[in-house]
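> What follows is a predicted protein model with its sequence.
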Amino acid sequence: MIDTIYMEDGAEDSPKAKDILARYPKANVIPCKHYKEVFNPAGQSFRLQKKNPALILAKQTGKLVHPIPPSYGVGGVHNYYFSHLLNCLYDCRYCFLQGMYPSAHYLLFVNFENFEQEIKKVTNNNSDPSWFFSGYDCDSLALESVTGFAEHFLPFFNKLTNSWIEIRTKSVATQVLQKMNPLSNAVVAFSFTPDEVSQQIEYGVPPVSSRVKAMKKLAELGWKLGLRIDPLIHCQDFELRYRKLFEEIFESVPEESIHSVSLGAFRMPNGFFKKIEKLYPQEPLLAGNWEKKDGMIAYQQEIESELKSTAQKLILNYLPESKLFTCET
Amino acid sequence: MDFVVAFQGEAQPLIDFYQLEKVEDAPYPLFRNDQHFLIISGLGRDRAVSATTALHQITNKPNLGWMNLGIAGHGSLKIGEAFIAGKITDDSSDESFYPPQIFEHSFAVSCLQTCSKPCSNYQPDLGYDMEAHAFYRTACKFTIRELVQVIKIVSDNPDHDLNQVNPKKVPAMIEENLKAIDLLVTQIDTASFTMQSDKEVGEVCQRVQALHSFSVTQVHQLRELLRQAKSIGVDLVEIEEIISRTSNARDAMQKVTHLLEPKRILG
């Protein structure tokens, strides 16, 4: 799975890096002064690298915790994200990471302890609970076997009062969660599009049925779950497909286990969208009915409103409005 | 694939294997067949830069595969062993390159240092040559980084230093590794092919432009419409027919836009 590991000078001494090197003894290890030498150069093809990404082990010396965009929360007052990993195992054609990063290599920041210190500091500065979202620049669980992220951070959050963590994923690699007692301050959020859509534009993502099964298992164990219906994709038989999706989920997962549902339509900075169009000029999704507004690409207003109101109507058959959150463009 | 090779002795096995024919009146010794070009640069950075640039001017196509192949010293690997450069440094520059390792191959992966003069002070796990850094920096101006690779065959090491290298044995050392080299070349060429722009869109766009007087902006918009049409499964012949029945460029753009509108929904 990992053929090549780029090792930033100074990262090799971290316990996380040592652990990973021990688990990939056959990987070619290439030293670099700074991860940016490998990750940042122009003229790389995200698309080609996606076929066989390397792993870069480095230390994050910049900002560790960032505020999330307004309206992207799920009920909290203070909302932040942190990124131990840049890039994702999966290859979703709508993903902004393709437009944001010059490289598809997995960039893992091994200084977990520095993230912890900053999260503690931020938590202590707020009187209301702080929410920390871990799946903005990666899938929180898909590379767990490499990163050990959840295994490390969930016990940390278990001891951290007045804070919440959201683990956001499309993965079914939930064994790490099944081995732990559920945390009262953690939400395991699964992202979905209908199966017919997923098969066309979410390459490598497990089928909806497998993810629902993973959710069911976690619900039975007492984990709080999130549903992230984001992005909503304008597709044929939209209402039918999303109805079927919600039916499938709520047939297996009780409403009481659902902490929150968020809905959001596709939106992306124009520059990212243009870059992705160049990467995948023959991708049907990208030839949709888009409009540019304030530097962002989104579905035409009329379509976006229709998608949101339909999805909202469908989901409210299963849970109260208090659990529903809408991400605005 | 565009090969840049320093010496005839390194080039001959490739020339024979790919049945390349000499191109007369070229600025450098140049060989080619339908798929590949090979240029013999001579020794050192400056010649590598000049030859790589000259070859680009001849092949003149974006997103081609490029390979620098030749012999090199190495601090750890055995004589005759081939390696692919995972990192390329230069003894007179702070700039390092990391050719992305996305292809399957059987080569050792090694760091490689390009030197100003032949080096016999071998460090472990490090290769030594005199062209790769300059080649890589230059070739990356003409194509994407994944498609530029450097393969070296170890000719000298701490047990068998530079003075003991017999130039007559070099072709045989390259030949030994040709099968593995060709497997990599095939993958790079396939990847290169997938990165070429769509010929059909370009050709239809050209033909349609002859029908009406399109402004520069309209040509750009037309090309985008044709690309999008193809991506959502609309036959470009149908679009050509529609445009042939329109009265001017504006009308043509409107008709095509109208045709695509209801089809812009994911299946």
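Cool, got the structure. Residues are numbered from 1 along each chain as shown, chains lettered A, B, ... in the order given.

> Near chain A, which residues of the stretch 51-200 of chain B? Just list them.
B:86-87, B:96, B:98, B:100-103, B:109, B:111, B:140, B:144-147, B:191, B:195, B:197-198 (C-beta under 8 Å from any C-beta of the partner chain). Just so you know, the C-beta spots here come from the backbone N, C-alpha and C atoms, and that holds for glycine as well.

> pLDDT score for residue B:242?
The score at residue B:242 is 95. That number is its pLDDT.

> ah, wrong one, I meant residue A:268
95.

> Off-centre distance for the helix or strand it falls within?
Element membership for residue A:268, per DSSP states H and E: strand A:267-269. Centroid displacement of strand A:267-269 relative to its chain, using C-alpha atoms, centre = their mean, to the nearest Å, is 16 Å.

> in that strand, what's buried?
Within strand A:267-269, the residues that count as buried by 16 or more other C-beta atoms under 10 Å in any protein chain shown are A:267, A:268.

> before we move on, back to that, I only care about the residues of the stretch 51-200 of chain B next to chain A that end up buried; give me the PyMOL line for that.
A single PyMOL command selects the buried members of those (16+ other C-beta under 10 Å):
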select buried, chain B and resi 86+87+96+98+100+101+102+103+109+111+140+144+145+146+147+191+195+198
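
> Of the residues of the stretch 51-200 of chain B next to chain A, which belong to helices?
residue B:191 (DSSP state H).

> Let me see the contact set for residue A:48.
The neighbours of residue A:48, taking C-beta atoms under 8 Å, 6 or more residues apart in numbering or on different chains as the test, are B:100, B:102, B:144, B:146, B:147, B:191, B:195.

> Make CSV from these and add pLDDT to it.
As requested, the contacts of residue A:48 are exported to CSV (pLDDT from 0 to 100):
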residue, pLDDT
B:100, 98
B:102, 97
B:144, 97
B:146, 98
B:147, 98
B:191, 97
B:195, 94
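
> Same list, those, but as JSON lines with distance to residue A:237 please.
Shown next, in JSON lines, are the contacts of residue A:48 (distance: C-beta to C-beta, whole Å):
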{"residue": "B:100", "distance to residue A:237": "40"}
{"residue": "B:102", "distance to residue A:237": "37"}
{"residue": "B:144", "distance to residue A:237": "38"}
{"residue": "B:146", "distance to residue A:237": "39"}
{"residue": "B:147", "distance to residue A:237": "41"}
{"residue": "B:191", "distance to residue A:237": "36"}
{"residue": "B:195", "distance to residue A:237": "35"}
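
> coming back round to it: describe which strands the strand holding residue A:268 pairs with in its sheet and in which direction.
Strand A:267-269 has its sheet partners listed here by DSSP bridges as strand A:296-299 (antiparallel).

> before we move on, back to that, quick check: the two most widely separated of the contacts of residue A:48?
Distance extremes for the contacts of residue A:48: the farthest pair is B:100 and B:195 at 13.4 Å, using C-beta to C-beta.

> State the phi and psi torsions of residue A:163.
When read as degrees, to the nearest 10, the backbone of residue A:163 gives phi -150, psi 160.

> Give me the neighbour count for it.
By the criterion of other C-beta atoms under 10 Å in any protein chain shown, residue A:163 has 22 neighbours.

> That one bridge partners, please.
In beta-bridge terms (that is, DSSP bridges), residue A:163 pairs with residue A:130.

> same thing with residue B:160?
Note on residue B:160: beta-bridge partners by DSSP bridges are residue B:157.

> quick one: residue B:19 from chain A, how far?
Going from residue B:19 to chain A by C-beta to the nearest C-beta, to the nearest Å gives 29 Å.

> mind checking the SS state of that residue?
Secondary structure, DSSP: H, G, I helix; E, B strand; the rest coil: residue B:19 is coil.

> What residues does residue A:318 make contact with?
By C-beta under 8 Å, 6+ apart, the neighbours of residue A:318 are A:246, A:250, A:255.

> Right, I'll leave it there.
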